[in-house]
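*Asks:* 3D model of this:
(2 chains)
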There are 2 protein chains.
Amino acid sequence: MGIEIERKFLVEDESWKSEAGEGLVCKQGYMVSESEKTVRVRIMGENGYLTIKGATKGITRSEFEYPIPVEDAEAMLGLCGGLVEKTRFLILHAGMTWELDIFAGDNEGLVMAEIELESEDQLFEIPEWAGKEVSDDIRYFNGYLSKVPFTQW
Amino acid sequence: MGIEIERKFLVEDESWKSEAGEGLVCKQGYMVSESEKTVRVRIMGENGYLTIKGATKGITRSEFEYPIPVEDAEAMLGLCGGLVEKTRFLILHAGMTWELDIFAGDNEGLVMAEIELESEDQLFEIPEWAGKEVSDDIRYFNGYLSKVPFTQW
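*Replies:* Numbering: from 1, shown residues only, chains lettered A, B, ... in the order given. Next up is the predicted model:
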């Protein structure tokens, strides 16, 4: 079991591109997505993952992630509702790794970056390219985006 | 990915006891339990499992099962609704392995045996101790028992 503590920011500036490596195509769906729990199926690049998360308290939630065969993940995506598609870039900035997602499909137009922290009060440098913080806004949870995608807002 | 094809029978006769080995205590809960999909967390003996099943068509459904650390399973059971508790016995009968469950807790009084088949039309010998078949009765799905337990029927 792990604990996930993360903060999320919208990205409108494109200056992050000079800091990023290659993007990985990611496709994910939810067997269940409620405020108390989510079960996520993800294919990232050539790997499959099954991830269970508990209730979000502030910016913290319990998280359990298991690698699974990508063929299993592909079949399980067929059991999920709406899919979230995005390309993920890793960016090393001021000693911290950011994950920046360019959404596609029904969430086209949304670009969001997140940083995972060791504790809720951990300090970090917010990059120039990071805009409005949306850590507490439920609409930006990927589980929510699978039900009510960005292009429908 | 696997396919699960199983038939289930109520057990009222106790003559199975002479054929059974030691029972394993089993505790399971559901992150989601719908007709189209279930996500089950199970602790059986000292092992943890995460199991995803698709829609049931007749007596067949898709199934994906992964062993997980038992501490993860224990924590995840806290994210589930009602728990199903039972003791499972394996019985070798006429060359086939039966799983016989004596339910406890909110499902006390229910005893059910199931057999997993290779195909829907596979022939097998129904033991003397097996009573009414309930393969098609949704009330006897463990996911349903977690919501509407036997003692409340």
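*Asks:* gap between the residue of chain A found nearest chain B and A:Lys147?
*Replies:* Nearest to chain B, among the residues of chain A, is A:Val32, at 3.9 Å (C-beta to the nearest C-beta). Placement of C-beta: from N, CA and C, glycine included. Here the criterion is C-beta to C-beta, to the nearest Å. By it, A:Val32 lies 11 Å from A:Lys147.
*Asks:* Enumerate every residue touching the residue nearest to A:Glu99 when sequence neighbours are not counted.
*Replies:* Counting by C-beta to C-beta, 6 or more residues apart in numbering or on different chains, A:Glu99 lies nearest to A:Glu114, which is 5.3 Å off, once chain neighbours are set aside. For A:Glu114, the contact set (C-beta atoms under 8 Å, 6 or more residues apart in numbering or on different chains) comprises A:6-9, A:98-99, A:101.
*Asks:* who wins for neighbours among these?
*Replies:* A:Trp98 (24 neighbours; other C-beta atoms under 10 Å in any protein chain shown).
*Asks:* Quote the end-to-end distance of stretch A:9-28.
*Replies:* 20 Å (C-alpha to C-alpha, to the nearest Å).
*Asks:* Does that stretch reach chain B?
*Replies:* No. Judged by C-beta under 8 Å from any C-beta of the partner chain, stretch A:9-28 stays clear of chain B, getting no closer than 14.6 Å.
*Asks:* still on that earlier bit, which of the contacts of A:Glu114 lies closest to B:Ala55?
*Replies:* Among the contacts of A:Glu114, A:Asp101 lies closest to B:Ala55 (C-beta to C-beta), at 30.8 Å.
*Asks:* Can you read off the pLDDT for the closest one?
*Replies:* Here, the pLDDT recorded for A:Asp101 equals 98.
*Asks:* State whether it and A:Lys86 are indeed in contact, as I suppose.
*Replies:* Yes. Using C-beta atoms under 8 Å, A:Asp101 is in contact with A:Lys86, at 4.4 Å.
*Asks:* tell me, what's touching the two both at once?
*Replies:* Contacts common to A:Asp101 and A:Lys86, judged by C-beta under 8 Å, 6+ apart, are A:Cys26.
*Asks:* tell me which residues in the longest helix along chain A are buried?
*Replies:* Secondary structure assigned by DSSP state H gives helix A:70-77 as the longest helix of chain A. By 16 or more other C-beta atoms under 10 Å in any protein chain shown, the buried positions in helix A:70-77 come out as A:72-73, A:75-77.
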